[in-house]
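Student: could you look at this predicted model? Sequence included:
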Amino acid sequence: MIAQGDIALGYDEVNEIIKKWIVDTLGDIPVVIDAPGNSDQSGVNVFLFDLMDFPPARTKSLAPLQYKLRYLVTTWGADTYEQNRMLTELVFSAYENHELDVDLSSVSAHLWSGFGVHPRPSFFIRIPIRKSLKEQIAKRVEKPVVLTSVAASTWGKVVGPGDLPIVDALVEWPDLQKTTRTDKQGMFSFACTPSGPGGGRLRVTAKGVSVDARINQPGSESKPAIIRVNFKEG
């Protein structure tokens with residue numbers, strides 16, 4: 001059984017990595033974690049665009065839960081030349097950053113319209129987010145484990161007065177939640193039943209009457225366990 005552990009690289013840590021990357025590249029400028037917008041001052045928008053699969057590598061230890069966050073990166077300001085200069089510097093520095101993957105996929109005009117801004121140059125970065133997993137230490141077994149053997153099947157025969165077979169009687173094994181009916185010879189069987197000491201407790205119903213019985217040892221097809229019941233005629 002696995003229990004979830006601490007976050008190895010969470011959403012807050014991811015955004016701090018992104019902000020640090022931008023400030024290290026462009027200096028102390030505004031960084032907005034939001035949809036692209038317009039402003040008279042120079043700055044950078046980083047918008048969480050979607051999530052992507054990122055299966056963990058196979059290791060001997062327990063692999064973390066993880067996927068990738070894909071962010072849309074845009075620049076803004078009054079000077080278009082300055083916007084483009086900042087964007088190109090960010091692309092190059094992102095390529096050099098081992099924590100980021102660069103994606104130069106284009107953005108549709110409909111998306112820019114949804115943002116309420118004019119189309120502008122942009123690019124995507126991808127960064128993993130992870131949650132570590134902890135293995136639970138198995139509890140020490142203080143008592144010996146008792147194994148109950150399982151027989152292939154248990155056979156029985158329901159008979160009434162004079163050892164006459166009772167046909168179509170309902171036979172229930174409540175502890176195993178199993179039911180069956182007797183055949184023309186009064187025979188019945190249950191598959192995969194315990195063969196240890198104590199046998200099994202059965203309930204037999206016929207002619208509107210139910211009686212409890214016990215099989216101490218599992219019978220076989222050739223030597224079924226005999227269950228004698230005395231149903232009164234209605």
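Tutor: Looks like it came in fine.
Student: torsion angles phi and psi at the residue of the chain positioned farthest from its centre?
Tutor: In the chain, the greatest distance from the average C-alpha position (CA atoms, centre = their mean) is reached by Gly162, at 58.8 Å. The phi and psi torsions at Gly162 (degrees, to the nearest 10) take the values phi 70, psi 20.
Student: cool, and Lys178?
Tutor: Dihedral angles for Lys178 - degrees, to the nearest 10 - are phi -120, psi 150.
Student: what stretches of the protein score poorly on pLDDT?
Tutor: 1-8, 57, 59-60, 135-138, 141, 144-152, 195-199, 231-234 (pLDDT under 70).
Student: what ranges do the strands span in this protein?
Tutor: Remark: strands assigned in the chain by DSSP state E are 2-4, 31-32, 43-53, 65-76, 101-103, 123-131, 133-135, 150-159, 170-173, 178-181, 187-194, 200-206, 209-215, 225-228.
Student: which one of the ones you listed lies nearest to Gly10?
Tutor: strand 123-131 (6.6 Å; CB to CB). Any C-beta I mention is one placed from the backbone N, CA and C, and that applies to glycine too.
Student: for Gly160, which non-adjacent residue is spatially closest?
Tutor: Ile166 (5.2 Å; CB to CB, 6 or more residues apart in numbering).
Student: state the distance from the one you found to Tyr71.
Tutor: 76 Å (CB to CB, to the nearest Å).
Student: could you do Gly116 as well?
Tutor: Gly116 is 19 Å from Tyr71, where distance means CB to CB.
Student: between the two, which one's more packed in?
Tutor: Taking neighbours as other CB atoms under 10 Å, Gly116 and Tyr71 compare with Tyr71 leading, 22 against 10.
Student: tell me who's in contact with that one.
Tutor: By CB atoms under 8 Å, 6 or more residues apart in numbering, the residues touching Tyr71 are Ile18, Val46, Phe47, Leu48, Phe49, Phe124, Ile125, Arg126, Ile127.
Student: contacts only, for the last one.
Tutor: This means Ile127. Ile127 sits next to Val14, Ile17, Ile18, Lys68, Leu69, Tyr71, Glu99, Leu100, Asp101 when contact means CB under 8 Å, 6+ apart.
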